[in-house]
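K.L.:
Return a 3D structure for these sequence lines:
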Amino acid sequence: MLQNAVVIGSGVMGRGIAYVCAVGGFEVQLVDVNEDQLENAKKEIDSIFSKAVSRGKLSQENASAAQERLSYTVHLTAAASGADIVIEAVPENIEIKRAVFEELDHSAPDHCVLATNTSTMSPTEIGSFTKRPHKVIAMHFFNPVHSMPLVEIVRGHETDYETVELAKEAAVKMGKETVTVNEFPGFVTSRISAMIGNEAFYMLQEGVGTPEDIDKAIKLGLNFPMGPFELGDLVGLDTRLNNLNYLHKTLGEKYRPAPLLVKYVKAGRLGRKSGKGVYDYTTEDNGVKK
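P.N.:
Numbers count the residues shown, from 1 in each chain. Below you'll find the model as predicted:
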């Protein structure tokens, strides 16, 4: 039975995953090497709990119980030693992931599911950093985790049936729907999302339309809940560029990043997290930064 969960990385995705784990009934430890980052994560997670209660999505009793199940630590080895499932949510850098999974291979119990929350990277390659690749799987969550209903579960080449079923069980316990796919670069959702977001940047640099009009056309014409620029600013333009670079390398020219996207990232315009991306979040009307 899956009961004890460890989430590694307290950034935007890690803190969201920790929240849904706690709400789902897991005993959760959120791990990060940076104590300040952990403190920021706790403040944001507490805010999500408060909003859920005020909106009637959680009772105060259930919210308080979930908060009691969630703890914060900088000690990965100790946390992993009692885990039934570990979900890694560190940056999309293969060397960082290698270091994490090599440590997990030493410290996590033999039965533990070792999951990576990656949107593009290979669970087969990540599994090769361990002596138990059959226990390694990708669980791709979406931002914001507490409101997005899907977890994309991706088998690596060595992932066994039991691990797939346990990953599904964990996701359902968190209140999520799942799809299970075989590994291929970008899986399903990231390939489509990256292509749409990249094409939007090509259209912007070609002068086809303003960011507002392109976003509006996609939302109202194709019934998307967010426009590609709104979504890019939310997930981070640096994250989008990293994904495109990986897909360009593995899948070819159709994923070559738009030069304008590269320019935005070089300028430090990364989206909401930096205050400016395609849109300027330092102004009251969130107008486009020219």
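K.L.:
Helix or strand: which one has T180?
P.N.:
strand 177-182 (DSSP states H and E).
K.L.:
in its sheet, what does that strand sit against?
P.N.:
strand 150-155 (parallel) (DSSP bridges).
K.L.:
In the strand it pairs with, which residues are buried?
P.N.:
For strand 150-155, burial by neighbour count (16 or more other Cβ atoms under 10 Å) applies to V151, E152, I153, V154, R155. Just so you know, the C-beta spots here come from the backbone N, C-alpha and C atoms, and that holds for glycine as well.
K.L.:
Nearest to A167 among the residues you listed?
P.N.:
Comparing those against A167 with Cβ to Cβ places I153 closest, at 5.1 Å.
K.L.:
burial measure for the residue nearest to the closest one when sequence neighbours are not counted, as a count.
P.N.:
Leaving aside its sequence neighbours, I153 sits nearest to T180 (Cβ to Cβ, 6 or more residues apart in numbering; 4.7 Å). T180 has 14 neighbouring residues, counting by other Cβ atoms under 10 Å.
K.L.:
Would you enumerate the residues in contact with T180?
P.N.:
I153, V154, R155, V164, K168 (Cβ atoms under 8 Å, 6 or more residues apart in numbering).
K.L.:
Dump those residues into a markdown table; add distance to E92 and pLDDT as well.
P.N.:
Below are the contacts of T180 laid out as a markdown table (distance: Cβ to Cβ, whole Å; pLDDT from 0 to 100):
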| residue | distance to E92 | pLDDT |
| --- | --- | --- |
| I153 | 18 | 96 |
| V154 | 14 | 95 |
| R155 | 19 | 95 |
| V164 | 23 | 98 |
| K168 | 23 | 98 |
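K.L.:
which of the residues you listed lies closest to F141?
P.N.:
Nearest to F141 among those: I153, at 10.5 Å, using Cβ to Cβ.
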